[in-house]
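Engineer: No letters, just coordinates:
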């Protein structure tokens, strides 16, 4: 079973001023597909805090997949991509390009996404959009291929259900 860590980047969510619908959706989506969600945190939009949590999830908890939501736009507080880049050993641009490509078919504003994807040690990190609708569309689109990538990256095969099964 692949282990997953979820990080929601949201100043309002971290203060309890806004319900985290996107992070909860990610958790339910992944659990319904046989992944083990071992961590789910809501953090303020602070690059160092986000990077520190990604490092903790990768290096200490040793999750296979880190999914983030929020913090990928043009606001000065949107620093999730910078935090992700700062902790990755290798980038995996095709994942974020695929999400943007799909999203551009739905809204031209998808071009404003600065989301990135990369690998730290044996953990794949993917920045997802902030809205629940876009999170669901993105996960539906990428998870079969991401699952295969996790199998290759970890040397494990068939340890949890593929999306759509």
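Structural biologist: Alright, I've got the coordinates. This is a predicted model, so every value here is computed, not measured. Numbers count the residues shown, from 1 in each chain.
Engineer: C-alpha from now on. contacts and neighbour counts both.
Structural biologist: Noted.
Engineer: for the most centrally placed residue in the chain, helix, strand, or coil?
Structural biologist: In the chain, the residue lying closest to the centroid (Cα atoms, centre = their mean) is residue 67, at 2.1 Å. With DSSP: H, G, I helix; E, B strand; the rest coil as the basis, residue 67 sits in strand.
Engineer: tell me the contacts of it?
Structural biologist: Taking Cα atoms under 8 Å, 6 or more residues apart in numbering as the criterion, residue 67 is in contact with 4-7, 26, 125-128.
Engineer: Now distance to residue 88 and neighbour count too, for those, in TSV please.
Structural biologist: Converted to TSV, the contacts of residue 67 look like this (distance: Cα to Cα, whole Å; neighbours: other Cα atoms under 10 Å):
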residue	distance to residue 88	neighbour count
4	17	26
5	15	27
6	16	25
7	16	23
26	22	25
125	8	28
126	11	24
127	12	27
128	16	31
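Engineer: in stretch 28-37, what counts as buried?
Structural biologist: 29-30, 34-37 (16 or more other Cα atoms under 10 Å).
Engineer: Helices of this protein, residue ranges please.
Structural biologist: Along the chain, counting by DSSP state H, helices occupy 11-15, 21-32, 47-55, 80-87, 93-104, 132-154.
Engineer: which one of those is the most hemmed in?
Structural biologist: Compared across those, helix 80-87 shows the largest average neighbour count, a mean of 21 (mean count of other Cα atoms under 10 Å).
Engineer: between it and helix 47-55, how big is the angle?
Structural biologist: Counting by axes from the mean of the first three to the mean of the last three Cα atoms, to 10 degrees, helix 80-87 lies at 60 degrees to helix 47-55.
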